[in-house]
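Trainee: Sequence isn't available, so here's the structure alone:
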């Protein structure tokens with residue numbers, strides 16, 4: 001821990017914004033991971049509850065189950081089943097469900113793009129800190145004893161590179177976290193699209209049998 005603190009202190013001012021980015025980025029990552037896990041579980045539970053009624057053609061019962069449900073899949077199914085009561089064809093129901101999907105997508109993707117942005121900013125801050133450190137280092141040795149310039153420059157450059165190293169140490173995990181969350185978000189969206197397709201197919205079957 002002492003070495004870590006010394007490493008950050010030696011890196012200069014830009015180490016602290018990078019450290020702040022690390023904490024904020026990790027906070028968003030954890031919040032998004034927990035949110036998507038909760039959404040996936042809630043969506044599955046509601047779908048398992050409502051789909052048997054849809055298969056039986058009891059759309060009124062299915063609508064009662066999803067009515068005013070706060071889950072993403074509940075909102076989409078509510079749009080579709082409500083529209084099905086007055087729609088002349090299934091295509092109108094599909095349009096309504098696509099509208100609902102567009103409404104829930106921003107909630108699923110909220111804040112995730114910030115993680116990639118933070119990763120890029122951490123890298124740039126690291127480079128900026130190194131450049132600033134090198135400028136200070138060269139200015140410091142300008143009037144130094146010639147015999148000491150080599151050692152002084154070597155030591156100064158080593159310290160200046162700390163910010164680049166720290167920026168990359170922060171950026172790489174954040175980029176991996178961003179890719180992971182994008183994958184999890186994609187899985188949730190695909191499950192919503194699959195539920196929509198299954199509902200539409202069931203409604204077509206009900207209308208054909210009517």
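Mentor: Looks like it arrived, so ask away. Just so it is clear, the structure is predicted and the values come from calculations on it, not from any experiment.
Trainee: Least confident secondary structure element in this structure?
Mentor: Using mean pLDDT, DSSP states H and E, the weakest-scoring helix or strand in the chain turns out to be helix 2-11, at a mean of 77.
Trainee: That one - contacts with which helices or strands?
Mentor: Applying 3 or more C-beta pairs under 8 Å, 6 or more residues apart in numbering; DSSP states H and E, one finds that helix 2-11 contacts helix 15-55, helix 146-209. Where C-beta positions appear, they are placed from N, C-alpha and C, glycine not excepted.
Trainee: Residue 101: which of those is closest?
Mentor: helix 146-209 (6.1 Å; C-beta to C-beta).
Trainee: what angle do that closest one and helix 2-11 make?
Mentor: 100 degrees (axes from the mean of the first three to the mean of the last three C-alpha atoms, to 10 degrees).
Trainee: one step back: least reliable of the helices and strands packed on helix 2-11 going by mean pLDDT?
Mentor: Per-segment mean pLDDT for the helices and strands packed on helix 2-11 reaches its minimum on helix 146-209, at a mean of 87.
Trainee: just checking, what packs against that one?
Mentor: Applying 3+ C-beta pairs under 8 Å, 6+ apart, one finds that helix 146-209 makes contact with helix 2-11, helix 15-55, helix 72-84, helix 90-109, helix 112-141.
Trainee: from these, which stretch is densest packed?
Mentor: When you average the neighbours per residue for each of the helices and strands packed on helix 146-209 (mean count of other C-beta atoms under 10 Å), helix 72-84 leads with a mean of 23.
Trainee: The spatially most central residue of the chain - nearest residue in space that isn't next to it in sequence?
Mentor: Central residue check for the chain by C-alpha atoms, centre = their mean: the C-alpha nearest the mean position is that of residue 112, 2.5 Å away. Leaving aside its chain neighbours, residue 112 sits nearest to residue 181 (5.0 Å; criterion: C-beta to C-beta, 6 or more residues apart in numbering).
Trainee: what does stretch 116-128 contact?
Mentor: Applying C-beta atoms under 8 Å, 6 or more residues apart in numbering, the contact partners of stretch 116-128 are 14, 17-18, 21-22, 24-25, 28, 163-168, 170-172, 174-175, 178.
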